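Colleague: Coordinates for the following, if possible.
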Amino acid sequence: MNIAIVGLGKMGKIISEIAKKRGHEIVTIDPASKDADFPSIDQKSVAGCHAAIDFTHPSVAIKNAETLADLGMPTVMGTTGWYEKEQEVKSYIEQKDSAFIYASNFSLGMNLFFTILKQISPLIDRFDAYDVAGIEYHHNKKADSPSGTAKTIAEILKNNIDRKKTITYDMVDRVIGKDELHFASLRCGSIPGMHKVILDSEADTIELTHIARNREGFALGAVLAAEWVADKKGFFTVDQMMQSILTQDRQL
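Modeller: Here you go, the predicted model:
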């Protein structure tokens, strides 16, 4: 495949490396980078490409998505912070008969973690002896808290465990309600992204943990998404891609 990488920051550079390792040809597009092949998204910069991967900034994500749809370019959107306009983007993609896939986290490992949690949380629902909570750790440069990934995990748990009705992310300086799911955050030093789900009873504790060592897992997921969406039409989430991959009779 030929893939256009939109945004040549840290993620864009790693995605380029991963794509090349998987045998793809890449072109890079970034108005702020002198190392990019092209400064803008247009007919010339995406000529011959089968898909585009965007890791830029929320302020330009929707415009980029629309421009790529105008050019008929299947798009992987790794940029976050535009989800309040999701229906608007979906309508535009469908109007243009293009293809688009997005995720708050394209890490292959994390999406496997999501899948595992969706499978086991109904089991947890059957055993009231186990309370459920979570915690996420990140480096002290991370701007948001809790992480978007933590919110996704918490929603999976709440949606599948009937006794948990609400999610609490803030500090709890009181006795927590039995119907509350507490998901805490910690920021310190250079800690890589870590998300942990804790099941605790009087008899024992079970912990499920995902640790991101570097950005390569996110990059691989984005490239896999480009491979997956290149021959499709429609508006997709990474969940749909994962279900498709997991039912294929092959290994990645």
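Colleague: In three-state terms, how would residue 135 be classified?
Modeller: strand (DSSP: H, G, I helix; E, B strand; the rest coil).
Colleague: My read is that it contacts residue 208, right?
Modeller: No - Residue 135 is not in contact with residue 208 according to Cβ atoms under 8 Å; the separation is 11.6 Å. Every C-beta, even on glycine, is put in place using the N, C-alpha and C of the backbone.
Colleague: CA atoms only: put stretch 23-39 into CSV for me.
Modeller: What follows is stretch 23-39, C-alpha atoms only, in CSV (Å, rounded to 0.1, in the frame of the first residue of the first chain):
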residue,chain,number,x,y,z
GLY,A,23,6.3,-3.1,3.4
HIS,A,24,4.3,0.1,2.7
GLU,A,25,5.4,3.2,0.8
ILE,A,26,4.7,6.4,2.6
VAL,A,27,4.4,10.1,1.9
THR,A,28,4.3,12.7,4.7
ILE,A,29,2.2,15.9,4.9
ASP,A,30,2.8,18.6,7.5
PRO,A,31,2.8,22.4,7.0
ALA,A,32,5.0,22.9,10.0
SER,A,33,7.8,20.4,9.2
LYS,A,34,10.6,21.0,6.7
ASP,A,35,11.2,17.3,6.6
ALA,A,36,7.7,16.5,5.3
ASP,A,37,7.2,15.6,1.6
PHE,A,38,4.3,18.0,1.2
PRO,A,39,2.9,21.0,3.2
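Colleague: Would you mark the buried spots in that stretch?
Modeller: For stretch 23-39, burial by neighbour count (16 or more other Cβ atoms under 10 Å) applies to 24, 26-30, 36, 38.
Colleague: and the two most separated of the residues you listed?
Modeller: 24 and 30 (18.1 Å; Cβ to Cβ).
Colleague: Give me the below-cutoff pLDDT ranges for this structure.
Modeller: Residues of the chain meeting the criterion pLDDT under 70: 249-252.
Colleague: So it: which segments form each domain?
Modeller: Listed by automatic domain parsing, the domain ranges of the chain are 2-105+215-246, 108-211.
Colleague: The last one: how far from the chain's middle?
Modeller: The gap between the average C-alpha position of domain 108-211 and the chain average comes to 17 Å, counting by Cα atoms, centre = their mean, to the nearest Å.
Colleague: End to end on that domain, go ahead and measure it.
Modeller: Using Cα to Cα, to the nearest Å, one end of domain 108-211 lies 12 Å from the other.
Colleague: related to what we said a few turns ago, okay, residue 135 and residue 208: which has more neighbours?
Modeller: Neighbour count, other Cβ atoms under 10 Å: between residue 135 and residue 208, residue 135 has more, with 18 against 15.
Colleague: residues contacting residue 162?
Modeller: Residue 162 sits next to residue 125 when contact means Cβ atoms under 8 Å, 6 or more residues apart in numbering.
Colleague: what sits in contact with each of residue 135 and residue 208?
Modeller: With Cβ under 8 Å, 6+ apart as the test, residue 135 and residue 208 both reach residue 196.
Colleague: measure residue 30 to residue 11 for me?
Modeller: Separation of residue 30 from residue 11 (Cβ to Cβ, to the nearest Å): 12 Å.
Colleague: which neighbours do these two share?
Modeller: Joint contacts of residue 30 and residue 11 (Cβ under 8 Å, 6+ apart) do not exist.
Colleague: Helices of the stretch 1-150 of the chain, residue ranges please.
Modeller: Counting by DSSP state H, counting those that start in this stretch, one finds helices in the stretch 1-150 of the chain at the ranges 10-21, 58-70, 86-95, 108-124, 148-160.
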